[in-house]
Each structure stands twice: as structure tokens, then as C-alpha cells.
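Peer 1: Sharing a model that was predicted from the sequence below.
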Amino acid sequence: MNGRNYITFLLGQKEISINLEGRNHPFTRLIDHLRDEEGLRDVKEGCGVGDCGACTVVLARPGPEGRLEYVPVNSCLLLLPMVHGCQVITAAHLARNGILHPVQQALVDHHGSQCGFCTPGLVMSMYALWMQDGTTDAVRIAKYLSGNLCRCTGYLPIIDAMQTAMQSRDVPGFQTANEGAYSRLVQIREDQAPIISGHLPHTYTKVFRLSDALDLLSAHPKTRIIAGNTDLGVKFRLPEEPTHYLDISGIAQINGIRYEAGFLELGAARPLEKVRVDCRESLPPLAEMLDLYASTQVRHMATAGGSLGTASPIGDLSPVLLAIGAEVVLQKAGQKRRMHLEDFITGYRTTALQAGEMITHLHLPIPGPGHYNRAYKVSRRKEVDISSVSACFSLEIEEGKVTDLRIAYGGMAAKPLRLRATEELMLGEPWNNATVEEGMAHIRQSLHPICDVRGDASTRSLVAGNLLRRFYLDSLEWQQQQGPTL
Ligand SMILES: Cc1cc2nc3c(=O)[nH]c(=O)nc-3n(C[C@H](O)[C@H](O)[C@H](O)COP(=O)(O)OP(=O)(O)OC[C@H]3O[C@@H](n4cnc5c(N)ncnc54)[C@H](O)[C@@H]3O)c2cc1C
Ligand code: FES
Ligand code: FES
């Protein structure tokens with residue numbers, strides 16, 4: 001495969017090209033490049049695994065409607081070549097002619113910074129929100145900033161500061177300061193030649209066309225795919241054995257979403273934050289789960305393909321996708337197939353993916369108007385935490401009886417599960433407290449969850465049953481809204 005060995009991006013207003021030669025250069029984390037090579041010490045490292053937000057920078061990239069979209073990301077999880085064709089903005093780039101940016105000034109005015117370690121990362125999350133949205137809603141602001149930990153302020157001064165900064169979105173110069181970047185980034189992105197770098201034992205290739213990805217997978221079937229790098233990046237260690245890495249995050253063909261009658265076709269590399277917004281109307285339980293998924297920064301990088309690629313037993317997407325009957329579209333050179341997610345995840349972190357194959361899309365049926373669907377996540381913390389138990393339920397009732405029911409759980413076994421036996425038990429029965437109690441007992445008898453720091457087996461079992469009751473109670477309100485035919 002022919003290609004080039006350099007990347008180009010904007011750092012603030014400065015254009016940078018980097019030759020990636022050197023065995024490990026493509027595997028340099030963005031944070032290390034910014035701090036060590038560019039001297040941007042405002043980018044802080046706290047946890048190094050996406051949990052604290054101290055390393056947050058903003059990526060500006062060409063979006064639809066001819067405008068840049070501004071997204072906060074964790075620079076400790078991104079690999080340097082992943083920012084090719086983007087503008088990287090850190091807190092050091094925001095002031096203009098010695099005048100602080102409105103979000104910086106508001107933090108000063110509201111005493112939103114004490115020790116200051118978290119401040120540059122917080123400023124960048126605030127800046128991303130300020131550039132795209134004028135909300136002053138404290139709940140939305142708190143939610144948006146949930147990926148930025150602060151040990152000193154107690155958050156209230158920060159939220160006050162953000163509300164104040166939102167009143168100053170028309171300060172001359174700050175909204176328009178970056179307008180020139182759009183056309184340059186579009187130009188950089190016109191070249192679709194793969195970026196090929198590194199030498200065996202570790203090569204790195206970033207492709208922009210699906211056909212290039214399939215060719216590489218065909219030539220090297222053991223290639224390791226990188227999408228958002230939010231799972232791989234946490235434990236990223238170059239292995240002993242020779243490995244090809246394939247970065248698929250820039251392939252436009254698998255980054256979109258297509259609405260068809262009755263289903264959505266979701267690109268496997270579409271960032272989950274976009275999916276969260278896409279699905280609000282059409283697939284509410286998916287949006288509901290994504291509201292509780294990781295942080296704003298992680299959702300801007302993580303993908304559905306990556307979530308299913310890990311086949312994690314505690315992955316939050318799988319229960320929702322199982323309950324709505326999702327299928328995965330798999331492709332390798334000369335072959336395309338579609339299979340139910342239930343068949344795709346075969347065991348503890350194992351899948352039916354063949355050598356040289358990748359997930360290109362997800363086929364998501366949209367439940368009909370007569371269905372009631374809810375997703376639930378139980379974790380020790382509400383934000384940025386891993387599930388103890390997650391669940392999704394999809395129900396249809398006619399004349400008070402269950403005509404369709406799908407129940408799926410995460411965190412209850414070695415792999416995410418659809419509970420077909422419980423569903424069968426409840427099918428045809430009246431949708432009432434007695435049937436639900438029976439279902440709860442069945443769930444508790446049939447599942448034998450693991451015991452770990454997120455919950456012992458008996459707690460998980462209790463919670464799993466109780467989630468069915470929660471769903472039942474929530475459904476009563478829905479039933480009332482639907483009227484007497486149910
Ligand atoms: C701070 C933090 C919080 C998190 N919170 C949550 C949470 O609340 N809920 C949750 O479920 N997860 C959470 N995660 C885990 C992680 O975000 C998810 O697993 C994510 O969806 C992985 O997607 P990715 O694109 O980043 O995958 P990557 O890290 O790029 O890849 C993950 C795996 O999937 C494979 N892969 C990627 N794309 C494909 C493809 N198209 N075809 C085949 N294989 C592929 C890769 O080879 C790799 O093995 C969290 C992670 C972090 C760092
Ligand atoms: S250093 Fe904590 S999220 Fe990156
Ligand atoms: S100001 Fe000290 S951690 Fe936020």
C-alpha cells in the first residue's frame with residue numbers, strides 16, 4: 001500500500017507537519033507531544049487514563065454546514081497521529097492580545113480556581129461548550145463538565161463562572177478568532193492517501209477509505225484496529241510480537257448515520273457523543289444509556305464498534321443493543337455479512353469476528369410506537385463510572401397482556417445476556433405486579449453473577465431483579481398515556 005509518513009495539523013493558529021519515522025513515534029500520546037515537544041505545560045497529566053480531565057484539549061474539525069465543530073478530548077488517550085487534519089487548541093491558545101477568554105475571566109471572577117491543577121482542562125471543556133452552545137442551564141453545564149475533576153472548589157463557583165461566561169459570547173473577536181482554520185483543515189483532509197509509519201515489529205497505518213482498511217486487514221489478518229482508543233489507550237503497551245495497528249477513526253464511510261424506514265444504520269466509527277444526539281428521538285433507551293456513559297470527552301472519542309470490539313461483560317451499549325435486536329455488519333475483503341449481536345459476542349471478551357474482518361456498521365431496528373423501552377445503569381457514582389449492573393427492557397402489551405418482551409443485562413455474567421427464559425415465562429401473562437414478581441424471582445434464580453469491587457453476587461442479583469420492578473413502575477405512567485387499549 002502506498003502512502004505518506006507524515007501528519008499535518010494546526011496547533012492553535014500554527015500549522016505543524018510531523019514526520020512519524022522512528023519506531024515508536026506514531027504511538028506517542030498527544031499529551032506527551034504537547035508537553036515535551038511543544039512546551040505546552042498548561043496541559044496537565046493527572047490519572048493518564050481518561051478519568052480526571054486535567055489533560056483536556058479541544059479538537060476543532062470541519063463539521064457539516066461549513067462550520068468547525070469543537071470537541072473536548074482527553075489528550076492522555078489520543079495518539080499523536082489521530083489529530084491529523086484537526087486543530088488542537090489548549091488553554092494557552094485562548095487569550096487574545098493579552099485579554100483572557102471570557103471563560104478564563106469568569107473563572108477568575110468567580111474564584112473557580114484554587115490549586116489550579118484542574119483549571120486548564122476545565123477551561124478547555126468550558127471553551128468547547130461556549131463555542132457551540134449558549135446554555136446557562138446549571139444541570140446541563142454540570143453534566144457537560146462531568147469529565148473534569150476538581151478537588152478544591154466544590155464545583156459551584158465553576159458552574160457560576162460558566163453561566164456568567166455564557167452571557168459574554170458576543171465579546172468581539174473571540175467567536176470569530178478561529179474562522180480561517182476551517183478552509184485550511186478541509187484542504188489538509190483532501191489528501192486521502194494512507195499515513196503509514198513505524199517499522200516492524202510495530203507499524204501504524206491511518207486510512208481514510210474503507211477499501212484501504214479491508215486491503216490492509218486482508219494482507220495482515222492479525223492487524224489490531226484502533227478506533228477511539230479509549231479502551232486500548234488505557235492499557236496501551238506495545239506487545240513483544242510483531243503487530244500492525246490500523247487506525248480507522250478517519251474513514252468517512254463508517255462515521256455516519258443513515259435513517260431508513262424502521263431502522264438506523266450506524267457507522268462503527270461514529271463517536272458515541274454524536275450517536276447520543278442522533279438517537280434522542282428515534283432510540284430513546286440508547287440515548288438514555290449514553291447520557292450515563294463515561295464523560296463528554298470520552299464519548300467524543302469512543303465508538304460503538306470499539307465498544308462491541310471489546311465484548312466487555314460490563315459494556316453499557318450491549319444490553320441496549322441486545323434488547324432492541326441490533327445486528328452487526330461485518331466486512332472483510334470480498335465478504336460482507338450481518339449477524340445478531342447475541343451471536344456476535346460469544347463469551348468473556350470473545351467475538352465471532354474472523355481474522356481480517358472488522359465491524360463496519362450496526363443495524364439498529366427502531367422499536368414501533370406501541371413499544372415501551374427503558375435502559376438503566378447502576379454504578380457507585382452517577383458520572384464517569386463503570387456499571388455494577390446495567391439493563392434494558394423492551395415491552396409491548398395488548399389488552400393488558402405481554403405480547404413482546406425483551407430483557408438484557410450487563411454485569412451479570414461473563415458476557416452481556418438476553419434473558420430469553422424469563423421473557424418466555426412472562427409472555428402472554430398480564431402485565432401486573434404478580435407477573436413482575438415472578439419475573440424478578442426467575443432472574444434472581446437463573447443468574448449467577450460475579451463478585452468484584454463493584455458489587456458482590458447477592459447485591460447484583462438483588463439489583464437485577466429490582467430493575468425489572470423499576471421498569472414496571474415506569475411503564476405504568478406510559479400505559480396511562482397510551483390510553484385504554486393497552
Ligand atoms: C474514563 C473512561 C470511562 C469509560 N466509561 C465507560 C462506560 O461508562 N461504559 C462503557 O461501556 N465503557 C466505558 N469505557 C470504555 C470505552 O469507552 C469503551 O469500551 C469504548 O466504547 C471503546 O471504543 P473505542 O472506539 O475507544 O475502542 P478502541 O479502544 O479503539 O478499541 C477497543 C477494541 O475494539 C476493537 N475495535 C475497535 N473498532 C473496531 C471495529 N470497527 N471492528 C472490530 N474491532 C474493533 C479494537 O481492536 C480493540 O480491541 C470508558 C473508558 C474510559 C477511558
Ligand atoms: S490525565 Fe486524567 S484524563 Fe487524562
Ligand atoms: S482547583 Fe484544585 S483541583 Fe481544581
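Peer 2: Nice, thanks for sending it over. Ligands and ions are numbered 1, 2, ... in the order given.

Peer 1: Going by C-alpha atoms from here, please, whenever you check contacts or count neighbours.
Peer 2: Fine.

Peer 1: Would you tell me which residues of the protein are close to ligand 3?
Peer 2: Where the chain comes near ligand 3, counting by CA under 6 Å from any ligand atom, the residues are Ser113, Gln114, Cys115, Gly116, Phe117, Cys118, Thr119, Cys150, Arg151, Cys152, Thr153.

Peer 1: buried subset of those residues?
Peer 2: Burial by neighbour count, judged by 16 or more other CA atoms under 10 Å, picks out Ser113, Phe117, Cys118, Thr119, Cys150 from the residues of the chain next to ligand 3.

Peer 1: Next, count neighbours for Ala434.
Peer 2: Ala434: 11 surrounding residues under other CA atoms under 10 Å.

Peer 1: got the contact list for it?
Peer 2: Contacts here follow CA atoms under 8 Å, 6 or more residues apart in numbering; on that basis Ala434 touches nothing.

Peer 1: If I look at it, what pLDDT would I see?
Peer 2: We have a pLDDT of 97 for Ala434.

Peer 1: do the same with Leu486
Peer 2: For Leu486, pLDDT reads 59.

Peer 1: With Leu145 instead?
Peer 2: For Leu145, the model assigns a pLDDT of 97.

Peer 1: Against ligand 3, how distant is it?
Peer 2: Leu145 sits 12 Å away from ligand 3, going by CA to the nearest ligand atom, to the nearest Å.

Peer 1: Give me the nearest residue to that residue, chain neighbours excluded.
Peer 2: Excluding its sequence neighbours, the residue lying closest to Leu145 (CA to CA, 6 or more residues apart in numbering) is Ser125, at 6.5 Å.

Peer 1: Is the one you found in contact with Ala54, as I believe?
Peer 2: No. Counting by CA atoms under 8 Å, Ser125 does not reach Ala54; the two are 10.1 Å apart.

Peer 1: shared neighbours, the two?
Peer 2: Common neighbours of Ser125 and Ala54 (CA under 8 Å, 6+ apart) are Asn148.

Peer 1: Residues in a beta bridge with the closest residue to Leu11 other than its chain neighbours, which ones?
Peer 2: Once flanking residues are discounted, Leu11 sits nearest to Val88: 4.9 Å by CA to CA, 6+ apart. In this entry, Val88 is beta-bridged to Leu11, Leu59, by DSSP bridges.

Peer 1: Is Val88 in contact with Phe9, as I believe?
Peer 2: Yes. Counting by CA under 8 Å, Val88 does reach Phe9; the two are 7.5 Å apart.

Peer 1: who's more crowded, the two?
Peer 2: Val88 (26 against 23).

Peer 1: From His110, how far off is the more buried one?
Peer 2: Applying CA to CA, to the nearest Å, the value for Val88 to His110 is 27 Å.

Peer 1: same thing with Tyr70?
Peer 2: Taking CA to CA, one finds Tyr70 at 25 Å from His110.

Peer 1: Comparing these two, which residue is more hemmed in?
Peer 2: Neighbours were counted for Tyr70 and for His110 using other CA under 10 Å; Tyr70 has more, 23 against 16.

Peer 1: Ignoring the adjacent residues along the chain, who's closest to the more buried one?
Peer 2: Counting by CA to CA, 6+ apart, the residue nearest Tyr70 is Ala60, at 4.5 Å.

Peer 1: Count the residues that sit near the nearest residue in space to Leu405 that is not next to it in sequence.
Peer 2: Nearest non-adjacent residue to Leu405, counting by CA to CA, 6+ apart: Leu395, 4.6 Å away. By other CA under 10 Å, the residues close to Leu395 number 22.

Peer 1: Downstream of the helix or strand hosting Leu395, the next helix or strand is which one?
Peer 2: Assigned by DSSP states H and E, Leu395 belongs to strand 389-398. Proceeding N to C from strand 389-398, the next assigned helix or strand is strand 401-410, under DSSP H and E.

Peer 1: centre of the chain versus that following strand, how much separation?
Peer 2: How far strand 401-410 lies from its chain's middle: 26 Å, per CA atoms, centre = their mean, to the nearest Å.

Peer 1: ok, Gly22 - contacts?
Peer 2: Gly198, His199.

Peer 1: What's the separation between it and Leu200?
Peer 2: 11 Å.

Peer 1: secondary structure class for Pro449?
Peer 2: Assigned by DSSP: H, G, I helix; E, B strand; the rest coil, the conformation of Pro449 is coil.

Peer 1: burial measure for it, as a count.
Peer 2: The burial count for Pro449: 20, using other CA under 10 Å.

Peer 1: Could you verify my assumption that it touches Gly411?
Peer 2: Yes. The criterion here is CA under 8 Å, and Pro449 meets it with Gly411 at 7.4 Å.

Peer 1: Next one, pLDDT for Arg23 please.
Peer 2: 65.

Peer 1: Strand partners (parallel or antiparallel) of the helix or strand encompassing Leu266?
Peer 2: Element membership for Leu266, per DSSP H and E: strand 263-267. Strand 263-267 has the following strand partners under DSSP bridges: strand 257-260 (antiparallel), strand 358-365 (antiparallel).

Peer 1: ok, how many other residues are close to the residue in the stretch 1-150 of the chain positioned nearest to ligand 2?
Peer 2: Closest residue of the stretch 1-150 of the chain to ligand 2, CA to the nearest ligand atom: Gly50 (3.3 Å). Neighbours of Gly50 under the rule other CA under 10 Å: 28.

Peer 1: before we move on, what about the one 10 residues further on?
Peer 2: The criterion is other CA under 10 Å. On that basis, Ala60 has 25 neighbouring residues.

Peer 1: Close to ligand 2: what parts of the stretch 251-400 of the chain are there?
Peer 2: So the stretch 251-400 of the chain never meets ligand 2 (CA under 6 Å from any ligand atom).

Peer 1: can you pull out the strands in the stretch 251-400 of the chain?
Peer 2: 257-260, 263-267, 327-332, 335-340, 345-347, 350-351, 358-365, 371-378, 389-398 (DSSP state E, counting those that start in this stretch).

Peer 1: which of those sits most buried?
Peer 2: Each of those was given a mean neighbour count from mean count of other CA atoms under 10 Å, and the largest, a mean of 24, is that of strand 389-398.

Peer 1: any chance of the strands of the stretch 251-400 of the chain in JSON lines, plus mean pLDDT?
Peer 2: Output for the strands of the stretch 251-400 of the chain, formatted as JSON lines (pLDDT from 0 to 100):
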{"stretch": "strand 257-260", "mean pLDDT": "94"}
{"stretch": "strand 263-267", "mean pLDDT": "97"}
{"stretch": "strand 327-332", "mean pLDDT": "98"}
{"stretch": "strand 335-340", "mean pLDDT": "97"}
{"stretch": "strand 345-347", "mean pLDDT": "96"}
{"stretch": "strand 350-351", "mean pLDDT": "96"}
{"stretch": "strand 358-365", "mean pLDDT": "98"}
{"stretch": "strand 371-378", "mean pLDDT": "96"}
{"stretch": "strand 389-398", "mean pLDDT": "96"}
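
Peer 1: Name every sheet partner of the helix or strand harbouring Ile16 and say whether each one runs parallel or antiparallel.
Peer 2: Assessed by DSSP H and E, Ile16 sits inside strand 14-19. Strand 14-19 sits in its sheet next to strand 6-11 (antiparallel), going by DSSP bridges.
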